[in-house]
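[1] Please find the sequence and the predicted model below.
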Amino acid sequence: MDPGQTSAAPLTVGFDLDMTLIDSRPGIKAAYEALAAETGAFIDAELAITRLGPPLEQELAYWFPEERIPYMGDRYREIYPAHAIVPTLAMPGAREAVAAVQRLGGRAIVVTAKHEPNAVLHLAHLGIEADAVIGWLWAEAKAEALKEHGASVYVGDHTGDVRGARTAGALSVAVPTGPCDEAELRAAGADVVLPGGLADFPAWLDAYAAERRPARHGRPGDVARSGAGSRSGAEGADADAGADAEADAGSGSPA
């Protein structure tokens with residue numbers, strides 16, 4: 001995106017949920033184990049929590065026949081609050097990252113593939129005070145909510161989050177705290193990768209916000225993009241070209 005297009009707009013930052021704001025692995029593992037116990041099916045919960053991000057139905061397809069997946073998805077979401085909310089933890093720096101946006105007078109929204117009512121339960125339990133929560137959106141489909149809320153930045157841990165940000169024309173800020181490492185996130189087209197995760201976000205945001213001020217000389221966003229966590233120009237151009245060629249828009253039922 002061209003940061004100059006949003007330099008005078010109110011600041012809205014979108015965040016992914018699972019493995020970005022919250023470490024839901026303990027909770028999701030417990031929910032899968034409960035579903036396995038109830039149905040008698042084998043589910044390798046330890047393996048399942050290594051590939052969080054895509055819609056729930058993609059994971060269930062490893063463990064159930066196709067015709068049973070819709071019911072199992074519904075049942076998983078029904079039992080989820082009883083098993084997954086309490087064990088789930090806030091990611092380091094999560095509350096501070098959301099507060100950093102709001103401290104600057106901005107709005108922090110959560111855009112997630114997760115079933116929205118369960119996402120709301122997680123945030124309330126952990127005391128993460130988002131200004132809006134939008135669920136049921138994965139990868140490119142996240143652009144719907146990002147555009148609707150005028151988000152200029154989207155923060156996520158998955159290459160699907162990078163694609164969602166790029167589709168929305170938002171700056172993609174990636175954290176390597178989920179299943180995708182720094183190299184994967186950069187290759188997918190992330191504008192910025194924060195090696196320290198959300199703990200690095202407030203300082204980065206302050207630099208980004210300073211660059212958005214109209215009184216600044218030069219092209220807003222240049223400094224924010226050129227830090228240690230961002231791509232070089234040539235690398236960024238190559239990744240942009242590759243990501244733009246990617247056409248597999250994704251939406252689906254959430255975990």
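    Perfect, I can see it now. Just so we're clear, the structure is a prediction, and the values are computed from it rather than from any experiment. Numbers count the residues shown, from 1 in each chain.
[2] Helix or strand: which one has Tyr208?
    Secondary-structure assignment from DSSP states H and E places Tyr208 in helix 201-212.
[3] could you dump that helix to CSV, C-alpha only?
    Taking Å, rounded to 0.1, in the frame of the first residue of the first chain, the C-alpha atoms of helix 201-212 are listed here in CSV:
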residue,chain,number,x,y,z
PHE,A,201,5.0,-3.4,18.4
PRO,A,202,4.5,-0.2,20.6
ALA,A,203,7.9,1.2,19.5
TRP,A,204,7.3,0.4,15.9
LEU,A,205,3.8,2.0,16.1
ASP,A,206,5.2,5.2,17.5
ALA,A,207,7.6,5.4,14.6
TYR,A,208,4.8,4.7,12.1
ALA,A,209,2.5,7.2,13.7
ALA,A,210,5.2,9.9,13.5
GLU,A,211,5.6,9.2,9.8
ARG,A,212,1.9,9.6,9.2
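[4] what ranges do the helices span in the stretch 1-150 of the chain?
    Shown for the stretch 1-150 of the chain, the helices assigned by DSSP state H, counting those that start in this stretch span residues 25-39, 45-48, 56-60, 69-84, 94-103, 116-126, 142-148.
[5] Take those and write them to a markdown table, including mean neighbour count, distance to Asp206 and mean pLDDT.
    To be clear about C-beta, it is placed using only N, CA and C from the backbone, and glycine gets the same treatment. Formatted as a markdown table, the helices of the stretch 1-150 of the chain follow (neighbours: other CB atoms under 10 Å; distance: least, CB to CB, whole Å; pLDDT from 0 to 100):
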| stretch | mean neighbour count | distance to Asp206 | mean pLDDT |
| --- | --- | --- | --- |
| helix 25-39 | 19 | 30 | 98 |
| helix 45-48 | 15 | 37 | 98 |
| helix 56-60 | 21 | 36 | 96 |
| helix 69-84 | 17 | 34 | 98 |
| helix 94-103 | 19 | 8 | 98 |
| helix 116-126 | 18 | 24 | 98 |
| helix 142-148 | 20 | 22 | 98 |
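[6] now these as JSON lines including distance to Ser172?
    Supplementary listing: these in JSON lines, determined by distance: least, CB to CB, whole Å:
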{"stretch": "helix 25-39", "distance to Ser172": "23"}
{"stretch": "helix 45-48", "distance to Ser172": "26"}
{"stretch": "helix 56-60", "distance to Ser172": "22"}
{"stretch": "helix 69-84", "distance to Ser172": "28"}
{"stretch": "helix 94-103", "distance to Ser172": "15"}
{"stretch": "helix 116-126", "distance to Ser172": "21"}
{"stretch": "helix 142-148", "distance to Ser172": "11"}
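[7] That's all I had, so thanks and see you.
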